[in-house]
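Student: Give me a 3D structure for the following:
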Amino acid sequence: MKNTTELNDGHLPYKVFVHNLNRLYFAKKYLDDKMLNLIDMASFKALQHGLNEFWEDVKKQIKRMEEIYEIIGEQPSDKNCNPIKAIIKDEFCLSEKHEIAILNDMDLIMYIQILEHINMATYQLLKTVAHRLNYDHIEQLLTECFDESTDNEELFELIAKEYIK
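Tutor: Next up, the predicted model:
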């Protein structure tokens, strides 16, 4: 593994890595703060359980990213993190309740799936850059996060199918 000082010194892939790690980390932190509210919005028990499982994965991913920061000797910075946080803050107008509960739940499912697609794309990018930087352990941590996001996306697809049986 390359030494951290060498990578910190103007190395473009390293800067790309840290920039995108920051974006994802602060998006996950913000989402972690919003999860209880999202769970409370769900009317379908399977969706509530799915959201709780998703929340546990969000917490695990945050811990892995904190481990990554420790490995690379960086502190998280929310500078330039607005695009992803804006999507989370917006919540696709989930606070506007529909008269039919299924519409609210489907909006919630769509919101989570969109976030998971963004997460999956970001984890994939981070894995690619980590590989380029010879960060084998970090690449493994990111693979675990990516796999959880993939599983969650599939979980919410299955929950959505339960509504339309």
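
Student: use CA for all of it now, contacts and neighbours both
Tutor: OK.

Student: in the chain, which segments are predicted with low confidence?
Tutor: The chain contains residues with pLDDT under 70 at 1-10, 80-98.

Student: go again using 90 as the cut-off
Tutor: 1-11, 27, 30-31, 34, 77-104, 107, 110-111, 114-116, 162-165 (pLDDT under 90).

Student: the longest helix in it is where?
Tutor: Longest helix in the chain by number of residues, with DSSP state H as the criterion: helix 101-132.

Student: Tell me which helix or strand comes right after that one.
Tutor: helix 136-163 (DSSP states H and E).

Student: Now do the contacts for the most centrally placed residue in the chain.
Tutor: Nearest to the mean C-alpha position of the chain, counting by C-alpha atoms, centre = their mean, stands N119 at 4.5 Å. The contact partners of N119, taken as C-alpha atoms under 8 Å, 6 or more residues apart in numbering, are 24, 146, 149.

Student: got JSON lines for those, with neighbour count and distance to L36 too?
Tutor: Converted to JSON lines, the contacts of N119 look like this (neighbours: other C-alpha atoms under 10 Å; distance: C-alpha to C-alpha, whole Å):
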{"residue": "L24", "neighbour count": "24", "distance to L36": "20"}
{"residue": "F146", "neighbour count": "22", "distance to L36": "23"}
{"residue": "S149", "neighbour count": "25", "distance to L36": "19"}
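
Student: quick check, nearest of the residues you listed to A101?
Tutor: Closest approach between the contacts of N119 and A101, by C-alpha to C-alpha: S149, at 25.7 Å.
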